[in-house]
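Colleague: Everything below, folded, please.
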Amino acid sequence: MDGNRAAQNGMFLRIQNISEAVYAGMCLKIGTPQQVAFRREIEDITEILDNNVVFDKHSTVMLSGSEREGFRLSGSDVDHMHWPINHRVVWDFSQCQFYNTQEHALILCDNSESPPGFTLLWLPLEKANDRVMSACVRMNGCFYVSSSKYREAMCSFIITGSTIHGPCSSGRRDNGYEYDHAHCFAGDFWPPSAYSWIDRCHSWPHSNVVNDIISNGCHVVAIGHKIGNHTDNEWRISFSRAEYKLVYSMNHTQFLTYGLLKVFLKEIINTGLRDEEKTLCSYFMKTAVFWAIQQNATLHWHPDNLVAGFWVCFKLLLKWVYEGVCPNFFIPENNMFLSSIYGEAQTTLFMRLYTFYEKGIAILLYSPSIMSNIIDVLCYPTLSICTDEHSLISQVEFDKDYFGEMVRNDTIGKPDIQRCKQYLHAVEQLINLPLTVYQIVVLQKLTATIFRYTAILHNMYIDTGFNKQFYIVDKIACQLLKLAAKFGFVSDMLYIAMYYHNTSRYMEALSVIDITKVKLAQPYLMYGSHVDQEMYNEAVRGQSLSTKMKEAVAQNITLDNAVFYINDLIPEQQTSSLQGRNFLFIPPFVLLYMLDFLCSRNVDTMRAQSALDDLHALVHHDQGELIPVPLRDISWEILGICQQITGNLHAALYSYQHSLIQHPCHKIQTATRQRIQDLHL
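Modeller: Model prediction:
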């Protein structure tokens with residue numbers, strides 16, 4: 001008996017070690033608790049800011065899906081939901097009393113003939129915006145909004161060239177990300193078909209989370225049930241907002257269990273399968289985690305028990321496939337397998353999953369993402385695994401991730417003076433809220449971006465013929481740009497240099513360039529993933545994120561294609577804009593040498609030649625450290641422009657030709673070909 005007990009204890013300790021090893025590996029792949037926290041906090045604060053800016057605003061946008069939940073997995077698409085602010089879904093006529101029908105178009109849900117989780121949308125007053133009305137059909141003498149017609153009407157409303165994928169308009173953005181935009185309607189009330197969910201929430205989630213979720217209602221998205229009576233006209237009830245709030249309420253082990261299931265699906269279950277054979281999706285994995293957490297209140301969700309939690313979820317999924325029933329977490333009567341996992345497909349999937357089940361947790365060894373973590377424990381049973389997040393990731397890596405996340409959200413949409421004013425007002429309101437340090441620094445950077453846009457836009461619209469007026473606006477613009485540089489990245493000084501160049505103050509521009517050159521030359525500078533960790537730590541260890549940003553971090557210079565910054569780049573901005581690109585992203589070192597060259601040629605030809613030589617050496621010899629591979633097209637283009645200005649036409653031709661063979665990140669090929677033609681060689 002003692003021997004059996006010892007063996008059991010040994011196996012228990014082995015599973016604990018494997019769990020901790022998997023936890024550590026998943027933290028490195030998916031994120032530590034603090035990394036996931038700041039991703040969510042940044043998304044939350046930028047969404048609040050965007051939705052508080054109501055200038056010419058007809059719809060609300062919400063990031064959803066895995067990005068909103070805190071994942072940053074390669075290959076994942078970016079999901080957004082869009083709905084008109086003056087249309088509201090109600091579940092019965094009594095709820096109409098809470099709305100002014102002169103301001104809101106009311107849409108009444110009619111699910112009397114729809115499967116659980118789906119509904120028809122009736123317009124009792126036959127009043128809505130033009131796009132909604134164009135998607136209406138008449139059934140039984142009443143006006144209903146057709147989901148299929150609405151999808152078609154809205155397909156290219158946000159981004160031209162999008163295609164319909166499920167309930168979404170889909171495509172690929174400038175940065176390579178695939179996107180899904182779901183055009184939907186919002187309801188402020190919790191759907192009656194989901195009342196049972198409220199009664200189930202005894203142990204999880206906490207009552208505060210439940211109250212927050214039901215007070216925010218739900219959405220309906222434009223997709224019908226495949227085997228319903230009204231497939232083309234039905235809408236699916238969506239709980240996307242509730243789902244990300246549930247994911248937020250998970251502890252980190254639960255979140256990583258969800259992440260491990262996503263990895264398990266991608267790297268093991270779906271490996272080797274054709275697209276049409278991939279019947280499981282990550283939404284089923286999320287549903288399994290929700291049910292497992294709620295139904296296993298006594299399960300110890302801790303790093304040393306992560307594998308056990310994963311196994312509970314996997315067994316639940318296996319049971320669902322065997323039975324052919326996957327109950328929606330909010331509306332259990334909605335069997336989400338009904339139209340996709342049945343018959344031969346169900347049998348094939350079950351046999352595949354059962355084969356994995358028979359292998360036990362050893363099946364995780366088939367995952368490239370965590371295989372090495374498990375092997376280390378198996379080879380060295382006494383190996384101690386540290387799950388403390390400060391030991392799992394260095395401060396430098398943490399900072400890189402944070403500033404990268406900040407840059408992804410550093411935008412205010414279409415630049416406009418009134419929009420800038422509204423954003424500043426919204427920031428003023430937000431700073432009175434109890435914000436986290438991550439949100440405060442992001443607001444600081446967004447404020448700098450607003451200042452920068454305001455300065456440049458004011459200068460664009462002023463009549464330079466009135467000297468006094470120009471002097472006043474110019475003074476304000478300079479002050480705003482200096483403030484922006486004070487609160488932004490090291491590289492943001494270059495916006496001041498661009499402004500001085502545009503207003504022909506070359507000596508002042510060169511003075512700013514000299515200061516920026518010194519800052520960018522510091523050995524501790526962080527630019528993207530390029531940083532000397534030891535030097536960075538020595539220079540800024542213990543400093544605040546705000547100080548690090550201002551003293552030790554550089555980012556690409558963003559030129560909005562709706563605003564012209566440098567006359568010599570106008571053809572590239574115009575071409576890029578016509579191809580659907582919103583921005584030019586220029587490496588700071590490339591722009592530094594370009595501005596140095598453009599300003600110096602008016603006051604110091606020797607310095608201009610030196611700047612051109614530096615630019616030539618950088619573009620020709622950089623190995624991806626100072627010029628990221630996607631930005632080589634614009635970098636070669638800028639070198640060619642500078643060479644053409646000096647009259648070195650053959651060198652310019654060589655540079656333009658190299659710009660054309662790079663990855664077309666900015667879609668500037670038309671401008672490049674025109675420049676080649678203008679050389680007359």
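
Colleague: When you work out contacts or count neighbours from here on, use the C-alpha atoms and nothing else.
Modeller: Fine.

Colleague: residue boundaries of the helices in the stretch 101-250 of the chain?
Modeller: Residue ranges of the helices in the stretch 101-250 of the chain, as given by DSSP state H, counting those that start in this stretch, are 130-134, 147-154, 195-200, 207-215, 240-249.

Colleague: no no, the stretch 301-450 of the chain
Modeller: Assigned by DSSP H, counting those that start in this stretch, the helices in the stretch 301-450 of the chain fall at 306-323, 343-359, 371-379, 389-392, 395-408, 417-430, 437-461.

Colleague: Between these, which one is closest to Leu63.
Modeller: Judged by Cα to Cα, the one of the helices of the stretch 301-450 of the chain that comes nearest to Leu63 is helix 395-408, at 13.1 Å.

Colleague: which parts of that closest one are buried?
Modeller: Of all the residues in helix 395-408, those buried under the rule 16 or more other Cα atoms under 10 Å are 395-396, 398-406.

Colleague: any idea of the mean pLDDT in that helix?
Modeller: Taken as a whole, helix 395-408 has a mean pLDDT of 96.

Colleague: Only C-alpha atoms, please: export it in PDB.
Modeller: Only the C-alpha atoms of helix 395-408 are listed here, as PDB (Å, rounded to 0.1, in the frame of the first residue of the first chain):
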ATOM      1  CA  GLN A 395      11.300  44.000 -18.200                       C
ATOM      2  CA  VAL A 396      12.700  44.800 -21.600                       C
ATOM      3  CA  GLU A 397      10.400  42.300 -23.300                       C
ATOM      4  CA  PHE A 398       7.500  43.600 -21.300                       C
ATOM      5  CA  ASP A 399       8.200  47.200 -22.400                       C
ATOM      6  CA  LYS A 400       8.500  46.200 -26.000                       C
ATOM      7  CA  ASP A 401       5.100  44.500 -25.900                       C
ATOM      8  CA  TYR A 402       3.600  47.500 -24.100                       C
ATOM      9  CA  PHE A 403       4.900  50.200 -26.500                       C
ATOM     10  CA  GLY A 404       4.000  48.000 -29.400                       C
ATOM     11  CA  GLU A 405       0.400  47.800 -28.100                       C
ATOM     12  CA  MET A 406       0.400  51.500 -27.600                       C
ATOM     13  CA  VAL A 407       1.400  52.200 -31.200                       C
ATOM     14  CA  ARG A 408      -1.400  49.900 -32.500                       C
END
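
Colleague: Show me what that helix is packed up against.
Modeller: Secondary-structure packing of helix 395-408 (3 or more Cα pairs under 8 Å, 6 or more residues apart in numbering; DSSP states H and E): helix 33-52, helix 533-540.

Colleague: try it again with 7 Å
Modeller: For helix 395-408, there is no helix or strand it packs on, judged by 3 or more Cα pairs under 7 Å, 6 or more residues apart in numbering; DSSP states H and E.

Colleague: and that helix with helix 533-540, angle?
Modeller: Compare the direction of helix 395-408 with that of helix 533-540 by axes from the mean of the first three to the mean of the last three Cα atoms, to 10 degrees and you get 80 degrees.

Colleague: Would you pull up how far helix 395-408 lies from the middle of the chain?
Modeller: A distance of 14 Å separates the centroid of the chain from that of helix 395-408, by Cα atoms, centre = their mean, to the nearest Å.

Colleague: Stretch 433-451 too?
Modeller: Centroid separation for stretch 433-451 versus its chain: 18 Å, with Cα atoms, centre = their mean.

Colleague: what sits up against it?
Modeller: Contact with stretch 433-451 is made by 38, 41-42, 45, 406, 410, 420, 424, 480-481, 483-484, 487-488, 546, as judged by Cα atoms under 7 Å, 6 or more residues apart in numbering.

Colleague: What average pLDDT does it get?
Modeller: Here the average pLDDT along stretch 433-451 is 95.

Colleague: Report the backbone C-alpha coordinates of that stretch in PDB.
Modeller: Extracted C-alpha coordinates of stretch 433-451, given in PDB (Å, rounded to 0.1, in the frame of the first residue of the first chain):
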ATOM      1  CA  LEU A 433     -11.700  58.500 -14.000                       C
ATOM      2  CA  PRO A 434      -9.800  56.000 -11.900                       C
ATOM      3  CA  LEU A 435      -7.300  55.000 -14.600                       C
ATOM      4  CA  THR A 436      -4.500  52.400 -14.400                       C
ATOM      5  CA  VAL A 437      -0.900  53.500 -15.100                       C
ATOM      6  CA  TYR A 438      -1.100  51.700 -18.500                       C
ATOM      7  CA  GLN A 439      -4.100  53.700 -19.500                       C
ATOM      8  CA  ILE A 440      -2.600  57.000 -18.300                       C
ATOM      9  CA  VAL A 441       0.500  56.600 -20.400                       C
ATOM     10  CA  VAL A 442      -1.600  55.700 -23.500                       C
ATOM     11  CA  LEU A 443      -3.800  58.800 -23.000                       C
ATOM     12  CA  GLN A 444      -0.600  60.800 -22.700                       C
ATOM     13  CA  LYS A 445       0.600  59.500 -26.100                       C
ATOM     14  CA  LEU A 446      -2.800  60.000 -27.700                       C
ATOM     15  CA  THR A 447      -2.900  63.600 -26.400                       C
ATOM     16  CA  ALA A 448       0.500  64.100 -28.100                       C
ATOM     17  CA  THR A 449      -0.900  62.700 -31.300                       C
ATOM     18  CA  ILE A 450      -3.900  65.000 -31.100                       C
ATOM     19  CA  PHE A 451      -1.600  68.000 -30.500                       C
END
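
Colleague: And that stretch, what's buried?
Modeller: 438-451.

Colleague: Just put those in TSV and tack on distance to Ser610.
Modeller: What follows is the buried residues of stretch 433-451, written out as TSV (distance: Cα to Cα, whole Å):
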residue	distance to Ser610
Tyr438	41
Gln439	42
Ile440	41
Val441	37
Val442	37
Leu443	39
Gln444	36
Lys445	33
Leu446	35
Thr447	36
Ala448	32
Thr449	31
Ile450	34
Phe451	33
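
Colleague: average pLDDT for the host helix or strand of Asp474?
Modeller: Here Asp474, judged by DSSP states H and E, is contained in helix 467-487. Averaging pLDDT along helix 467-487 yields 88.

Colleague: Stretch 598-612 now?
Modeller: On average, stretch 598-612 scores 96.

Colleague: Also stretch 520-536?
Modeller: Averaged across stretch 520-536, the pLDDT comes to 96.

Colleague: How about stretch 659-678?
Modeller: pLDDT averaged over stretch 659-678 gives 97.

Colleague: now stretch 351-368
Modeller: With pLDDT averaged residue by residue, stretch 351-368 scores 96.

Colleague: same deal with stretch 549-556?
Modeller: For stretch 549-556, the mean pLDDT works out to 97.

Colleague: can you list contacts of that stretch?
Modeller: Stretch 549-556 has contacts (Cα under 7 Å, 6+ apart) with 486-491, 524-528, 585-588.

Colleague: do the same with stretch 146-166
Modeller: Contacts with stretch 146-166, where a contact means Cα under 7 Å, 6+ apart, come from 131-132, 135-137, 167, 169-171, 183, 222-223, 232-235.

Colleague: Can you find the helix or strand in this protein with the smallest mean pLDDT?
Modeller: Within the chain, no helix or strand scores below helix 2-30, which has a mean of 74 by mean pLDDT, DSSP states H and E.

Colleague: Dump the C-alpha coordinates for the helix or strand harbouring Gly640 into PDB.
Modeller: Gly640 belongs to helix 632-646 when assigned by DSSP H and E. The C-alpha trace of helix 632-646 is given here as PDB (Å, rounded to 0.1, in the frame of the first residue of the first chain):
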ATOM      1  CA  ARG A 632      11.800  48.900 -47.400                       C
ATOM      2  CA  ASP A 633       9.600  50.100 -50.300                       C
ATOM      3  CA  ILE A 634       9.300  53.600 -48.900                       C
ATOM      4  CA  SER A 635      12.900  53.600 -47.700                       C
ATOM      5  CA  TRP A 636      14.300  52.900 -51.200                       C
ATOM      6  CA  GLU A 637      11.800  55.400 -52.600                       C
ATOM      7  CA  ILE A 638      13.100  58.100 -50.300                       C
ATOM      8  CA  LEU A 639      16.700  57.400 -51.200                       C
ATOM      9  CA  GLY A 640      15.800  57.600 -54.900                       C
ATOM     10  CA  ILE A 641      14.000  61.000 -54.400                       C
ATOM     11  CA  CYS A 642      17.000  62.500 -52.700                       C
ATOM     12  CA  GLN A 643      19.400  61.100 -55.400                       C
ATOM     13  CA  GLN A 644      17.100  62.500 -58.100                       C
ATOM     14  CA  ILE A 645      17.100  65.900 -56.400                       C
ATOM     15  CA  THR A 646      20.900  66.000 -56.600                       C
END
